[in-house]
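**Student:** Curious how this folds, go ahead:
(chains A, B, C and D)
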Protein chains: 2
Amino acid sequence: MAEPIPIRGKDAAESGRRPGRASSGPYLYAALRDQIVRAELAPGERLSEAELGERLGVSRTPIREALGRLRDDRLVEVRPQIGTFVARISPAAVSDAQFIREALECTAVRVAAELADSESVAQMEENLRAQERATDRIDIDAWQLLDDTFHRQICDLSGHPAVWPVNERAKSHLNRLRRLSLSMPDYLPTMVEAHRTVAEAVGTHDPDGAEAALREHLRAVLREVPRIREQHPDYFEEP
Amino acid sequence: MAEPIPIRGKDAAESGRRPGRASSGPYLYAALRDQIVRAELAPGERLSEAELGERLGVSRTPIREALGRLRDDRLVEVRPQIGTFVARISPAAVSDAQFIREALECTAVRVAAELADSESVAQMEENLRAQERATDRIDIDAWQLLDDTFHRQICDLSGHPAVWPVNERAKSHLNRLRRLSLSMPDYLPTMVEAHRTVAEAVGTHDPDGAEAALREHLRAVLREVPRIREQHPDYFEEP
DNA sequence: GCGGGGACACTTGTATACTAGTATCCACTT
DNA sequence: AAGTGGATACTAGTATACAAGTGTCCCCGC
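**Tutor:** Sure thing, here's the model as predicted:
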């Protein structure tokens, strides 16, 4: 069990009290989700509300708010009177997340290809260049952020800002898988290339091409599941 | 402002304390969402955590849990230190919900058409007959439940149980719209007919037909927006 | 009559106290 | 020695107390 949980930006804990102001729930949710996705909180690990609160400098109340959202995401499992645990990877949940993500993003990318303006395309290309730099540095953290941004751009280009939050929740499960893929650096150039193919199809207003390229790209992650399961059997559900 | 909020099944309040047991949050969430969808809690209406808790026989804590989820759904708006309000209808949010729903359900119905077995088709037909009976009685409440069940069947037939919860959250916004459509009884037979068309396409394993029929059906609700807005301008956002 | 200022009632956010259920572990019995 | 029962140290769910910010409304002064 991973013991030390240094919270990334410790702003929440350090900013002291900000009573009566905006809730710290969203921040705590994002921080904990990030730690779960990065497997700093390992699948199956027990989480203590009291301990998390102590570590993050808040009481159980906002911790519980964050854990509730993570429970809705199925990233943690709360067993009343027993404990809260980081959810083990469920192949079924991964498949569900893949289905949702594919449905949303592939629909979004079609719209994006139809009505993307030159500015949006330029932004995607800028992001792609940053991805290449991160790939050269083998900076997985930076690349992951850029990947999220890239897919968010696709979703936002659909003109429906509510799509990304839903997609992000599904993507978490797949991001966690990718994190565990030790040989991921090998795949980074491949993924950037796939991104570029999608972006080019969007830029040339080719919905069919964009959808096909994106679908193929999204499914690539899923193919890694058996290998990852072999490497980390204890991180998976025991059905 | 509608004042009396008699909770439908008062089980939560009547079952007395059940401390240390399962959380009442999910129940409260469903109950409040239902009241919002039915416009028993009117768009723009102020909600008091304390008052809701008193009315439902619980403290603010579980009420806040339910309101937090409703806030994620964008069905309520929480303004710190000011108040919590039933969200007014936002055409943008409705459009977003429509996009998400269309993407998910249309993808699901294709899979459903491909691998629906005879038992599933029989269940859908049974549901359709119940819809017809509810239509004859002009029992909108019963019909709404059957409508949810019908669309849930489609989602579940995709083999991905996580799809429906996501779809349900988007559907809430559209259900609320339909509730406000005073002339809805006129549309009930039309909708049942549309459902039947979808079900038949699923039964004959016709993905393209099923998707087309479902998409057309889903978009029907959206066309009502301008008329509803005319009838209830105060229920809409003031952009 | 009109305008301004302050008390006050109310809000959400947070911290803490309490309840009841669960698992573990150790002492005791057989 | 092995098995069983109970004390105990946890857990999450709930209720309540407190903090801090916001808007209203009334009273006072002009």
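
**Student:** A:Pro185: neighbour count?
**Tutor:** Residues contacting A:Pro185 under the criterion other C-beta atoms under 10 Å in any protein chain shown number 12. Just so you know, the C-beta spots here come from the backbone N, C-alpha and C atoms, and that holds for glycine as well.

**Student:** Could you point out which residue ranges in chain A have low pLDDT?
**Tutor:** Within chain A, the ranges that satisfy pLDDT under 70 run A:1-22, A:182-183, A:239.

**Student:** Pick out the residue closest to the middle of chain A.
**Tutor:** Nearest to the mean C-alpha position of chain A, by C-alpha atoms, centre = their mean, lies A:Ser172 at 3.3 Å.

**Student:** tell me which residues in the longest helix anywhere in chain A are buried?
**Tutor:** Looking across chain A with DSSP state H, the single longest helix is helix A:91-115. For helix A:91-115, burial by neighbour count (16 or more other C-beta atoms under 10 Å in any protein chain shown) applies to A:93-113.

**Student:** ok but the residue nearest to the centre of chain A is inside a helix, no?
**Tutor:** Yes - read with DSSP: H, G, I helix; E, B strand; the rest coil, A:Ser172 is one of the residues of a helix.

**Student:** what's the closest non-adjacent residue to it?
**Tutor:** Leaving aside its sequence neighbours, A:Ser172 sits nearest to A:Val37 (C-beta to C-beta, 6 or more residues apart in numbering or on different chains; 5.7 Å).

**Student:** Could I get the contacting residues of the one you found?
**Tutor:** By C-beta atoms under 8 Å, 6 or more residues apart in numbering or on different chains, the contact list for A:Val37 reads A:Ser172, A:Asn175, A:Arg176, A:Arg179.

**Student:** Against A:Arg69, how distant is the third one?
**Tutor:** Taking C-beta to C-beta, to the nearest Å as the measure, A:Arg176 and A:Arg69 are separated by 16 Å.

**Student:** A:Arg219 now?
**Tutor:** Distance from A:Arg219 to A:Arg69, by C-beta to C-beta: 28 Å.

**Student:** Which of these two has more residues huddled nearby?
**Tutor:** Using other C-beta under 10 Å as the criterion, A:Arg219 and A:Arg69 rank with A:Arg69 on top: 21 against 11.

**Student:** what's next to whichever strand or helix holds that one, contact-wise?
**Tutor:** Per DSSP states H and E, A:Arg69 falls inside helix A:60-72. With C-beta under 8 Å, 6+ apart as the test, helix A:60-72 has contacts from A:23-25, A:28-29, A:31-33, A:36, A:47, A:49-50, A:52-53, A:56, A:76-78, A:84, B:25, B:64-65, B:68-69, B:72.

**Student:** Of these, which are in range of DNA strand D?
**Tutor:** A:Leu47, A:Glu49, A:Ala50, A:Val78, A:Thr84, B:Gly25, B:Glu65 (C-beta under 7 Å from any atom of the strand).

**Student:** Angles on the backbone of the first one, please.
**Tutor:** Here is the backbone geometry of A:Leu47 (degrees, to the nearest 10): phi -110, psi 130.

**Student:** Burial check on it, number of neighbours?
**Tutor:** 20.

**Student:** SS state for the residue nearest to it when sequence neighbours are not counted?
**Tutor:** Once flanking residues are discounted, A:Leu47 sits nearest to A:Thr84: 4.5 Å by C-beta to C-beta, 6+ apart. Recorded secondary structure, A:Thr84: strand (three-state DSSP).

**Student:** Does A:Phe236 touch A:Ile89 like I think?
**Tutor:** Yes - here A:Phe236 reaches A:Ile89: they are 4.9 Å apart, a contact under C-beta atoms under 8 Å.

**Student:** just the strands in chain A please.
**Tutor:** A:46-47, A:76-79, A:83-86 (DSSP state E).

**Student:** quick one: contacts of the last one?
**Tutor:** Just to be clear, that refers to strand A:83-86. So strand A:83-86 is contacted by A:36, A:41-49, A:67, A:75-79 (C-beta under 8 Å, 6+ apart).

**Student:** What ranges does chain A have for its helices?
**Tutor:** So, for chain A - with DSSP H - the helices run A:11-14, A:25-37, A:49-56, A:60-72, A:91-115, A:118-137, A:140-156, A:163-180, A:184-203, A:207-222, A:225-231.

**Student:** Return the alpha-carbon coordinates of the last one using CSV.
**Tutor:** Translated: helix A:225-231. Backbone C-alpha positions of helix A:225-231 (Å, rounded to 0.1, in the frame of the first residue of the first chain) are rendered in CSV as follows:
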residue,chain,number,x,y,z
VAL,A,225,-5.8,-4.4,-21.2
PRO,A,226,-4.8,-8.1,-21.3
ARG,A,227,-1.1,-7.2,-21.1
ILE,A,228,-1.6,-4.8,-18.3
ARG,A,229,-3.7,-7.3,-16.5
GLU,A,230,-0.9,-9.7,-16.8
GLN,A,231,1.5,-7.3,-15.3
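
**Student:** in that helix, what's buried?
**Tutor:** Residues of helix A:225-231 classed as buried by neighbour count (16+ other C-beta under 10 Å): A:Val225, A:Ile228, A:Arg229.

**Student:** what about the nearest residue to the second one once chain neighbours are set aside, how many residues close to it?
**Tutor:** Once flanking residues are discounted, A:Ile228 sits nearest to A:Leu180: 5.1 Å by C-beta to C-beta, 6+ apart. For A:Leu180, the neighbour count with other C-beta under 10 Å is 21.

**Student:** Same check on A:Arg129?
**Tutor:** For A:Arg129, using other C-beta under 10 Å, the count is 11.

**Student:** Contact partners for it?
**Tutor:** Neighbours of A:Arg129 in contact, by C-beta under 8 Å, 6+ apart: none.

**Student:** Distance-wise, check it relative to B:Glu224.
**Tutor:** 46 Å.

**Student:** any residue of stretch A:70-82 up close to DNA strand C?
**Tutor:** Yes - using C-beta under 7 Å from any atom of the strand, stretch A:70-82 reaches DNA strand C at A:Gln81, A:Ile82.

**Student:** Alpha carbons of that stretch, as PDB, please.
**Tutor:** Provided in PDB are the C-alpha atoms of stretch A:70-82 (Å, rounded to 0.1, in the frame of the first residue of the first chain):
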ATOM      1  CA  LEU A  70     -15.500   9.700  -7.100                       C
ATOM      2  CA  ARG A  71     -18.000   7.100  -6.100                       C
ATOM      3  CA  ASP A  72     -20.400   8.300  -8.800                       C
ATOM      4  CA  ASP A  73     -17.400   7.900 -11.200                       C
ATOM      5  CA  ARG A  74     -16.900   4.400  -9.800                       C
ATOM      6  CA  LEU A  75     -13.300   5.300  -9.100                       C
ATOM      7  CA  VAL A  76     -13.800   4.500  -5.400                       C
ATOM      8  CA  GLU A  77     -16.000   2.000  -3.700                       C
ATOM      9  CA  VAL A  78     -17.700   2.900  -0.500                       C
ATOM     10  CA  ARG A  79     -18.800   0.100   1.800                       C
ATOM     11  CA  PRO A  80     -20.800   1.400   4.700                       C
ATOM     12  CA  GLN A  81     -19.300   0.800   8.100                       C
ATOM     13  CA  ILE A  82     -16.500  -1.100   6.400                       C
END
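
**Student:** That'll do, ta.
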